[in-house]
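Q: Return atomic coordinates for the entry below.
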Amino acid sequence: MTDPMELFRRGDFAAAAEALLPLYRQNMRNSMLALFTGGALLKSGRKEEAVAVWSLGDEAGPVVRGARRDQKAPPGVRALSTEADRALRDYLTALHAKAAEECDGDVARVKNAVWTQTHNQPFQFLTDAQAPTIFYMPDLPAAPVTPKDAFDWAAGLEAAGPAIAAEYAAALERKVQQTPYVPAGTPSPQWAKLRGTLDWSALHLFDKTKRTAIADLFPKTLEALEKVGLVRIDGVPVEAFFSRLKPGAHIPPHFGLTNARLTVHLPLIVPEDCAIRVADKNYHWTENEIIAFDDSYRHEAWNHARTDRVVLIFECYHPDLSADERRAIEHTWAARQHWIKNRVKIAGAA
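A: Residues are numbered from 1 along each chain as shown. All right, here's what the predicted structure looks like:
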């Protein structure tokens, strides 16, 4: 049997693809194997499969898109990594454009949006303090914090605060387990002090667009949230959770996913010496008074008190977005999520 890499080097890409694919499907965490499998697929005219393999490989390790910047990598690997990065950017940018074109109404600002990790053209953020990590709408007005009178649901949610706090307390009485907000496997060094710990923990009602098993314990909370314009994908809220920050905990400065959404805090338990900083200003929580901020700005939070700080957190849309634009954003995000979920099937590894 001819070595698949020898087939690749000889330029017999169709045969190389057929030989590499079974090996890749047996070892999908091998990002170097993903790089060459995707290359053989692309060069034999199988672009959609190539992009799916490269995308999966990019999640498995830094080689697929990172080797192009590694001066120690062999020239052939760097060249193929450059090709993979370009193909991924072109494919995913086209996917967004196609999904946006399917939407009704004036959605020009959505069409102009940038998926910051995979856009295929250069772009700049409006301010140094704002750098969304996933999705950026450069035409949206930018403000670190939005006054609560911009939301017609704010007063109703604040009025429900005591009942929501009571449901949270009841859940603790029932020994419902909190989970670390920063997973133990998070690689970034900035999360070293929080990853896998309960210093910053959560009780999720919705997580990654899925309703959790404990959501039924919070009927009054869910009722209050139904009256809020939660961000949804395929009709399901993206996230809503109780966030606990233990005494002494500090959430380091970081940027959120997108400027198309605002993060809303409903403070439930607020000791004196704790605060959140958004851009260049500190804000102090007050129980049952919401704070709505654009978390694509640099932000951090701390609890220097001797007791827990607890807030209910969820996402709503930027108030400047029209109903058509909100539907278009949901549609473009859903299109991308559907493609991500189908990558393994596209790569033939399902």
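Q: those strands in the stretch 251-350 of the chain, which residues are they?
A: 261-269, 274-278, 281-283, 291-293, 299-303, 309-317 (DSSP state E, counting those that start in this stretch).
Q: Make JSON lines out of those and add distance to A73.
A: (C-beta placed from N, C-alpha, C; glycine too.) Output for those, formatted as JSON lines (distance: least, Cβ to Cβ, whole Å):
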{"stretch": "strand 261-269", "distance to A73": "37"}
{"stretch": "strand 274-278", "distance to A73": "39"}
{"stretch": "strand 281-283", "distance to A73": "43"}
{"stretch": "strand 291-293", "distance to A73": "41"}
{"stretch": "strand 299-303", "distance to A73": "35"}
{"stretch": "strand 309-317", "distance to A73": "39"}
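Q: can you redo the ones you listed as CSV with distance to R336 and mean neighbour count?
A: Listed next are these as CSV, based on distance: least, Cβ to Cβ, whole Å; neighbours: other Cβ atoms under 10 Å:
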stretch, distance to R336, mean neighbour count
strand 261-269, 15, 23
strand 274-278, 27, 20
strand 281-283, 32, 12
strand 291-293, 25, 20
strand 299-303, 25, 20
strand 309-317, 17, 23
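Q: wait, which of these is closest to H204?
A: Proximity to H204, assessed across those by Cβ to Cβ, is greatest for strand 309-317 (9.9 Å).
Q: before we move on, the earlier item: to H96, which of the strands of the stretch 251-350 of the chain lies closest?
A: For those, distance to H96 was read as Cβ to Cβ. The smallest value, 16.7 Å, belongs to strand 261-269.
Q: buried sites along stretch 178-198?
A: Using 16 or more other Cβ atoms under 10 Å as the test for burial, stretch 178-198 gives Q178, P180, Y181, V182, W191, L194, R195.
Q: Let's have those in TSV, adding distance to A335 and pLDDT.
A: Listed next are those as TSV, based on distance: Cβ to Cβ, whole Å; pLDDT from 0 to 100:
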residue	distance to A335	pLDDT
Q178	34	95
P180	31	97
Y181	28	97
V182	29	96
W191	30	96
L194	33	97
R195	31	95
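Q: among those, which two are most distant?
A: Longest span within those, Cβ to Cβ: Q178 and W191, 17.1 Å.
Q: Format the strands of the stretch 251-350 of the chain as TSV; extra columns: mean pLDDT and distance to A169.
A: As requested, those are exported to TSV (pLDDT from 0 to 100; distance: least, Cβ to Cβ, whole Å):
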stretch	mean pLDDT	distance to A169
strand 261-269	98	9
strand 274-278	98	19
strand 281-283	97	25
strand 291-293	98	22
strand 299-303	98	18
strand 309-317	98	9
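Q: Work out the gap between the helix or strand bottoming out on mean pLDDT in the chain and the centre of the chain.
A: Ranked by mean pLDDT, DSSP states H and E, the weakest helix or strand in the chain is strand 232-233, scoring a mean of 90. Strand 232-233 sits 13 Å away from the centroid of its parent chain (Cα atoms, centre = their mean, to the nearest Å).
Q: Give me the domain ranges for this structure.
A: 1-125+322-350, 145-321 (automatic domain parsing).
Q: Nearest to T133, out of these?
A: Among the domains of the chain, domain 145-321 sits nearest to T133 (Cβ to Cβ), with 5.5 Å.
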